[in-house]
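**Q** Sequence below, structure please.
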Amino acid sequence: MELAIDTATDTASVAVSRKGIPLAEISWLAGQNHTVNLMPNVLHLFKLIGEELNKIDAVFVSLGPGSYNGLRAGLSAAKGLALSLDIKLVGIGTLDIEAYPYADAGLPICVVHNIGRGEIASATYRMLDSEWKKTTKEHITTLDALCKTIDTKTIICGEFAAFRPNQPDPAELFSERLGELSVIRETTLRRAGFLAELGWRRLERGESDDIATLQPLYMRRPAITKPREKKR
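**A** Residues are numbered from 1 along each chain as shown. Take a look at the predicted model:
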């Protein structure tokens, strides 16, 4: 069995899977309480299926981009389990998880994720020859700039609600700028079950991550970080 942990945003999710096929999963609104809620929900999930946590063979974790505190809580728990149980650790990007539900659509999939200050994190994916490919790596951009790069019919997905109420509705902006080139799929719930599938794909290829060196994908420093002093 495997355990998948996704605490990248306010909505958290955990799943138990066998060879990447979800057996059970729980999602909840964590807010800023990822550290408090995570392990009780993990233990509750194993109780529901009548299994023991120490029976897992691997742990999958969402790496971000996302909430600074949420990513730290999820990765710390995943590393602790991997180290104490001597099992494999596999990290998967948050944008990968949000794009994966549309893998069989036959179109490019562009994920947008609000990171504040009028900027977004974005990446593009596509299933090519039965292989899940990241055709554009995670990068920071703006909605306006991203629209200028899309010249073919593309699925646009992500947690659009995160942009409201102080910014224009991204779904309306994409529809207005791109017209028929945009197929809008607003993500309402990111599931750890998809993380489990992606994690298992990496395990099948013989891939895993180093417990000591795996780090969250913040994209940029948290807002509380003090700027470096300028050199005179």
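
**Q** which residues does the residue nearest the centre of the chain contact?
**A** Most central in the chain under C-alpha atoms, centre = their mean is residue 94, positioned 1.6 Å from the mean C-alpha point. For residue 94, the contact set (C-beta atoms under 8 Å, 6 or more residues apart in numbering) comprises 6, 8-9, 62-66, 113, 190, 217. Quick note: C-beta positions are derived from backbone N, CA and C, even for glycine.

**Q** let's see it at 6 Å
**A** Listed by C-beta atoms under 6 Å, 6 or more residues apart in numbering, the contact set of residue 94 reads 8, 62, 64-66.

**Q** again with residue 177
**A** residue 147.

**Q** still on that earlier bit, closest to residue 119 out of the contacts of residue 94?
**A** residue 65 (10.7 Å; C-beta to C-beta).

**Q** Let's see which of the contacts of residue 94 end up in helices.
**A** Of the positions in the contacts of residue 94, not one sits in helices, assigned by DSSP state H.

**Q** Any chance of the residues you listed in a markdown table with distance to residue 133, neighbour count and pLDDT as columns?
**A** Converted to a markdown table, the contacts of residue 94 look like this (distance: C-beta to C-beta, whole Å; neighbours: other C-beta atoms under 10 Å; pLDDT from 0 to 100):
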| residue | distance to residue 133 | neighbour count | pLDDT |
| --- | --- | --- | --- |
| 8 | 22 | 31 | 93 |
| 62 | 19 | 34 | 97 |
| 64 | 20 | 28 | 92 |
| 65 | 20 | 26 | 92 |
| 66 | 22 | 27 | 89 |
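
**Q** now, the most widely separated pair of these?
**A** Of all pairs drawn from the contacts of residue 94, the greatest distance, 9.8 Å, lies between 62 and 65 (C-beta to C-beta).

**Q** biggest helix in this protein by residues?
**A** Using DSSP H to assign secondary structure, the helix with the most residues in the chain is helix 68-85.

**Q** From the chain's centroid, how far away is that one?
**A** Average the C-alpha atoms of helix 68-85, do the same for its chain, and the two points are 15 Å apart (C-alpha atoms, centre = their mean, to the nearest Å).

**Q** hmm, who's touching it?
**A** Taking contacts as C-beta under 6 Å, 6+ apart, the residues outside helix 68-85 that touch it are 5, 7-8, 34-35, 38, 59, 61, 64, 89, 211, 216, 222.

**Q** what's the closest of the residues you listed to residue 175?
**A** Sorting these by distance to residue 175 puts residue 8 at the head of the list, at 26.4 Å, by C-beta to C-beta.

**Q** wait, what's in contact with that closest one?
**A** Residues near residue 8 by C-beta under 6 Å, 6+ apart: 62, 64, 66, 70-71, 94.

**Q** Repeat that for residue 6.
**A** When contacts are taken as C-beta under 6 Å, 6+ apart, residue 6 is in contact with 13, 62, 192, 195.

**Q** Can you give me the distance of the third one to residue 5?
**A** This points to residue 192. As defined by C-beta to C-beta, to the nearest Å, residue 192 lies at a distance of 7 Å from residue 5.

**Q** Are there residues contacting both of those two? Which ones?
**A** residue 14.
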